[in-house]
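Q: what's the 3D shape of this:
(2 chains, ligands or ions: 2)
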Amino acid sequence: MALLELRDVHKTYHLGGEEIRALDGVSMDIEAGEFISIIGPSGSGKSTLMHILGCLDSPSRGTIKLDGLMIEKATSRQLASIRNQKIGFVFQFFNLLPKLNVLQNVELPMIYAGANAKERRDRAMEALQLVQLENRAKHRPSQLSGGQQQRVAIARALVNSPRIVFADEPTGNLDSHTGEAILNLFRTLTQQGRTIVLVTHDPEIAALTPRRIEIRDGKISVKVDPRLAGLDRVPAVAEPGKAA
Amino acid sequence: MNLWNTIAVGFKEIWAHKSRSLLTMLGIVLGVASLVAMAALVKGMENGMRESMVAMGGADKVLLEDQEVPPEQEHLAEEAPGRTMLDVISLRRSAPLLKLVSPEMELDYTTITHEDKMVNPSECVGVWPAVLDMNLHTLEHGRFFTDLDEENANSVCVIGTGIRDELFGTPEKAGREIVPIGEVININGQPFTIVGMFTRYEGEMDRKLRELAKSKPAEKQAGPSRMKGWGRRGGWAFTRKNMTVYMPLNTAWLKFRSSSGTNGMPDPRLSSIDVKVSDMNRLEPALQQARNVMMMTHRGIEDFNFRTQENQLDTINQQIRNARLSGGIIAAISLLVGGIGIMNIMLASINERIREIGICKAVGASGFSIFLQILVESMALSILGAVAGIGASYGLVKIMAAITPTGNAPVITTDAMFVAVGFSAAVGIFAGLFPAIKAARLHPIQALRYE
Ligand SMILES: Nc1ncnc2c1ncn2[C@@H]1O[C@H](COP(=O)(O)OP(=O)(O)OP(=O)(O)O)[C@@H](O)[C@H]1O
Ligand SMILES: [Mg+2]
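A: Ligands and ions are numbered 1, 2, ... in the order given. All right, here's what the predicted structure looks like:
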């Protein structure tokens, strides 16, 4: 059984009589321990897909199963606990709390998990060390650069040791060196059994992940799957996979 | 998320908007202050009334009054005997349910002089020793009348401190206690020897004030000495009681009633008979018994009536209840207005924090923990306001006491404080409920997209 199963997921927005199909029949499986990139042009529905995968949003139609649990049947309490325990989310626009300092921002998910103060501090510092920001723990998000804020957001996503991490453009604001460090971090995490799904514009970054999904107008247009291609490592130029 | 964290975050949020929070709390502060102060005033009033009640002889005192004969007995009105010693003796003998029977023969328009000083007592009465228990008198100096005084109609009297103050000077001015036992004063021109003096009757507050004044060294007073008299501030009941002059009943009868009356016998009618029943729970049967005796002595002419203090007690309680109710309603309305202020601010606050709430939900905050957060903040505002309001109520009570100095000092009660804090907490919950539900229902992604 796959960790995440999507079946014919649609997300439709209605804006003044006009119908916007942000997702138009997406089906996919994500196995535990996978490292997946999702690429596609702007407005193609990547963020929408990520939000649905991350149990932040619900589809207009279709089903999602996480760890065998039908998400649309879950109570809001269960969803909150899933978001807290199983899922780490790195938003495209960081979404840090401006009133809290870096350390407190990273501690936030653990507060809702009910961890005690010392445990929170220790694990938040560990997470900050992973993104090399331990020396900025007492700073406010507004005192950090965009890339640094991005890394704080990553630390926050990792702090509860979730099974699956969704990262929306995690390297978009980073220089290639730091971006690579983050990618290496993600790769290490997948080797520890965690699942990483990242959205990117950059084909070079997408090329570094074993599995790649291309999305266009809310539909999956290209899938590159190492299991189908029989490859461990995907070459930089995308091979045509099976159309969805 | 544990409760401590929620509370800590709530206080941080309040602290982050100091002036806004302060203004919001002001409504609650004023509401609580007025509630507590109002309760204090009513309590003071109640204490004053109770004190006066006791000063007048307590709740178990029953007055036996004259009354017009009923219409069907009008032809017998001429025969109406009035209240006499015969009634007193019969009641004492035949009405065992009565604990005390105290006959009084009051002298009207008395003037008492001593050397060049003159005073009009509140009452100058011929009495039996039963009057001490009847009117709750405490003899502090000298003695009360003996049977011999009564028998011989001796010209002796017992006075209240008010009379002493007027005729012999006040201890405050003299700096020492003045006990005029053995002095001779003239009551309507007839010489009387003072054999006893009562203690000074005063309200709780007056006693405190006086003791305070005593402990402080006497301050030099500029200008003529003004009447800062203690008796004047205290309830009229105490003033009245301090201005009492008693003499043996027989003395009053023989010395002052001798000019009136018929057949060479002074007018035997008493001005009043007061009784006390042994058991307040059996007031009705006791009074019925007394009535039966009286019917006998009055040969069936019903020219008397019993008046209990219960009516008065009821009136007092009614007044207190009314004052409490109207005060409570006003305070409750102002607290409610304060609550609306809090609700308004909480709504504004969650509107400001929609994105923040979205983020919290995205990282795993349940709707309940968001709900709790808003509710705790709203409650913290109202409870902080309540605590500040209790502080303010002390000031308010001082101001009110200064504006209207009465004998009944307002008393701040812990009951009122608990009610105020409890009510404020309830107002806080009520005010936070709607915003909290609204916040808890926010959809994470919509909240995150909110600009
Ligand atoms: N709340 C919304 N209301 C209406 N339309 C929406 C809403 N959210 C997304 N859309 C539309 O859905 C489509 C997909 O948006 P989405 O944010 O998923 O794109 P994206 O692939 O993440 O783009 P980018 O690479 O620029 O981040 C867009 O056309 C967008 O306008
Ligand atoms: Mg996007």
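Q: confidence score at A:I164?
A: On pLDDT, A:I164 comes in at 94.
Q: touching, it and A:G193? I think so.
A: No - counting by CB atoms under 8 Å, A:I164 does not reach A:G193; the two are 10.6 Å apart. No exception for glycine: its C-beta is placed from N, CA and C like everyone else's.
Q: which one's more surrounded, these two?
A: A:I164 (23 against 9; other CB atoms under 10 Å in any protein chain shown).
Q: beta-bridge partners for that one, please?
A: Beta bridges link A:I164 to A:I87, A:T195, judged by DSSP bridges.
Q: list the contacts of B:N250.
A: B:126, B:150-153 (CB atoms under 8 Å, 6 or more residues apart in numbering or on different chains).
Q: show me which of these are buried.
A: B:126, B:150, B:153 (16 or more other CB atoms under 10 Å in any protein chain shown).
Q: the stretch 201-350 of chain B: strands as residue ranges?
A: B:244-248, B:272-277, B:304-308 (DSSP state E, counting those that start in this stretch).
Q: okay, now the unreliable bits of the chain?
A: Assuming you mean chain A. Across chain A, the ranges flagged by pLDDT under 70 are A:226-244.
Q: let me rephrase: I mean chain B.
A: For chain B, the stretches with pLDDT under 70 are B:1, B:79, B:205, B:214-235, B:259-265, B:404-408.
Q: same thing but at 80, please
A: Applying pLDDT under 80 to chain B picks out residues B:1-2, B:48-60, B:66, B:68-82, B:203-237, B:257-268, B:279-281, B:309-313, B:401-409, B:451.
Q: can you list the residues of chain B near ligand 1?
A: Selection of chain B residues close to ligand 1 by CB under 6 Å from any ligand atom yields B:R449.
Q: does B:R441 touch B:G367 like I think?
A: Yes - with contact defined as CB under 8 Å, B:R441 counts as touching B:G367 (6.8 Å).
Q: so these two - more neighbours on which side?
A: B:G367 (19 against 11).
Q: the more buried one: what's it in contact with?
A: Applying CB under 8 Å, 6+ apart to B:G367 gives the contacts A:76-77, A:80, B:361, B:440-441.
Q: going by proximity to chain B, name the top residue of chain A.
A: Going by CB to the nearest CB, chain B is nearest to A:N84 of chain A, at 2.3 Å.
Q: pipe the strands of the stretch 201-350 of chain B into JSON lines and attach mean neighbour count per row.
A: Formatted as JSON lines, the strands of the stretch 201-350 of chain B follow (neighbours: other CB atoms under 10 Å in any protein chain shown):
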{"stretch": "strand B:244-248", "mean neighbour count": "26"}
{"stretch": "strand B:272-277", "mean neighbour count": "21"}
{"stretch": "strand B:304-308", "mean neighbour count": "17"}
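Q: nearest to chain A, out of those?
A: Closest among the strands of the stretch 201-350 of chain B, using CB to the nearest CB: strand B:304-308, at 66.1 Å.
Q: show me what contacts B:T138?
A: B:198-199.
Q: for it, give its distance to B:D274.
A: 18 Å (CB to CB, to the nearest Å).
Q: what about the strands in chain A?
A: Along chain A, counting by DSSP state E, strands occupy A:4-15, A:18-30, A:35-39, A:61-66, A:69-70, A:87-90, A:164-168, A:195-200, A:211-216, A:219-224.
Q: can you redo those as a markdown table with distance to ligand 1?
A: As requested, the strands of chain A are exported to a markdown table (distance: least, CB to the nearest ligand atom, whole Å):
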| stretch | distance to ligand 1 |
| --- | --- |
| strand A:4-15 | 4 |
| strand A:18-30 | 3 |
| strand A:35-39 | 9 |
| strand A:61-66 | 15 |
| strand A:69-70 | 23 |
| strand A:87-90 | 13 |
| strand A:164-168 | 7 |
| strand A:195-200 | 7 |
| strand A:211-216 | 7 |
| strand A:219-224 | 12 |
